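S.K.: Would you be able to build a 3D model of this:
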Amino acid sequence: MENTIFATAGDAIMLIGAFFIFLGAFGLVRMPDIFTRAQAGTKAVTLGSIALLAGLLFHHPEWWPKLVLIMLFILLTSPIAGSTLVRAARAAGHRPWRKGEADADADAEGRRS
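M.R.: Next comes the predicted model:
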């Protein structure tokens with residue numbers, strides 16, 4: 001009975017994590033520029049990965065030291081990587097997207113947005 005409750009809780013948390021990872025991937029496709037894409041990729045995927053690992057912790061409690069270290073590694077490296085990508089994009093001359101700019105470009109090329 002106790003294992004069933006832990007397994008169900010672990011499955012639910014892993015589904016939540018998978019949903020956040022899906023949202024992060026959707027944000028990478030849907031967002032207009034590198035700055036918002038980096039935010040979607042960094043925040044949603046970090047939260048999704050942590051939730052997946054937390055769900056795995058319910059299934060295999062004996063793995064807790066390794067899983068906690070992996071979680072800490074993700075929490076430390078993912079925001080730094082996202083920040084580094086955004087700084088590199090800014091240094092390369094990319095400007096943040098502003099509402100109306102993409103619409104004007106699409107109209108000039110004859111496409112509809």
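
S.K.: any idea which helix or strand carries the residue nearest the centre of the chain?
M.R.: For the chain, the residue sitting closest to the mean C-alpha position, by CA atoms, centre = their mean, is Val45 at 2.2 Å. Val45 belongs to helix 45-59 when assigned by DSSP states H and E.

S.K.: quick one, what contacts the residue nearest to the centre of the chain?
M.R.: 20-21, 24-25, 78 (CB atoms under 8 Å, 6 or more residues apart in numbering). Using the backbone N, CA and C atoms, a C-beta is placed for each residue, glycine as well.

S.K.: The same query, at a cut-off of 7 Å, please.
M.R.: 21, 24 (CB atoms under 7 Å, 6 or more residues apart in numbering).

S.K.: okay, it: pLDDT?
M.R.: Listed pLDDT for Val45 reads 88.

S.K.: And for the one 3 residues further on?
M.R.: Turning to Gly48, the model gives it a pLDDT of 94.
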